[in-house]
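A.B. asks: attaching a predicted model along with its sequence, questions to come.
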Amino acid sequence: MSRDYIPAGDEEMIAWLRNLMPYLFAHSAELGLTPAELAPVAEAAMYCDYGHHWYVTTRTAADAARQKKDDKRAAFEAVIRPLVRRLQASATVTDAQRRAMGISVHDTRQAATATRPMATVNTAERLRHVIHFADEATPTSRARPDGAMGCEIWGKIGTTPADPSELTFLALDTRTPYTADFNGSDGGKTAHYMLRWVNADGEKGPWSATVSATIGG
């Protein structure tokens, strides 16, 4: 298939048009073209060229308007953030007032990181641990504490970890339970788990007690 002689790009097409039209008029007799034939072509070319010019002009104006809008927003954020930080630090501003203003509520963030998860491990399946977790404040509920985005689950195979630095991150789970699958070579070994809540700001709660279980082979 031959390539279309009309360029696909707008800029290239307009340059091609501006070269074509003067040539058609300058050589109309040689080409056997009459004024009646050229008139509608010339009108369409004029509007095409004008349309492109209008598009470029309005796009430039739109870009400038968007930049102005972004600059105004940045200027507003620069002054509102320090003000909100002062309100957040104030002992007289209530949570109800914070909610009414649409700013973060301190108590909600703190609740997500004030308590610990409690975990139990189901070892009924071969090479699989199903880890159920709940908050220590509501151990019979599957719900996360207020403000918690999810529960971080960390683990280690082998000896009991002396501290969390020995653990490997497994998942940030938003719903209990979490399932851990193992390779055949892990059968008979012991897996140890520690969990903690995380809120939407990325703040971490205290670690749970270590929970250990044998990996069924």
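C.D. replies: Nice, I can see it.
A.B. asks: wasn't His129 part of a strand?
C.D. replies: Yes. Looking at His129 with DSSP: H, G, I helix; E, B strand; the rest coil, it is inside a strand.
A.B. asks: what about it, neighbour count?
C.D. replies: For His129, the number of neighbouring residues by other C-beta atoms under 10 Å comes to 23. (Glycine included, C-beta is placed from N, CA and C.)
A.B. asks: likewise the one 5 residues further on?
C.D. replies: A count of nearby residues for Ala134, using other C-beta under 10 Å, gives 19.
A.B. asks: show me what it bridges to in the sheet.
C.D. replies: Under the criterion DSSP bridges, Ala134 forms beta bridges with Met118.
A.B. asks: domain boundaries for the protein, per the record?
C.D. replies: Following automatic domain parsing, the chain resolves into domains at 1-103, 113-214.
A.B. asks: sketch out the low-pLDDT regions of the chain for me.
C.D. replies: 1-2, 106-112 (pLDDT under 70).
A.B. asks: tell me the most buried of the domains of the chain?
C.D. replies: domain 113-214 (a mean of 16; mean count of other C-beta atoms under 10 Å).
A.B. asks: and it, how far apart are its ends?
C.D. replies: 30 Å (C-alpha to C-alpha, to the nearest Å).
A.B. asks: can you map out the helices along this structure?
C.D. replies: 10-26, 28-31, 35-89, 95-101, 106-112 (DSSP state H).
A.B. asks: how about JSON lines for the ones you listed, with distance to Gly217 added?
C.D. replies: Formatted as JSON lines, the helices of the chain follow (distance: least, C-beta to C-beta, whole Å):
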{"stretch": "helix 10-26", "distance to Gly217": "67"}
{"stretch": "helix 28-31", "distance to Gly217": "88"}
{"stretch": "helix 35-89", "distance to Gly217": "53"}
{"stretch": "helix 95-101", "distance to Gly217": "52"}
{"stretch": "helix 106-112", "distance to Gly217": "38"}
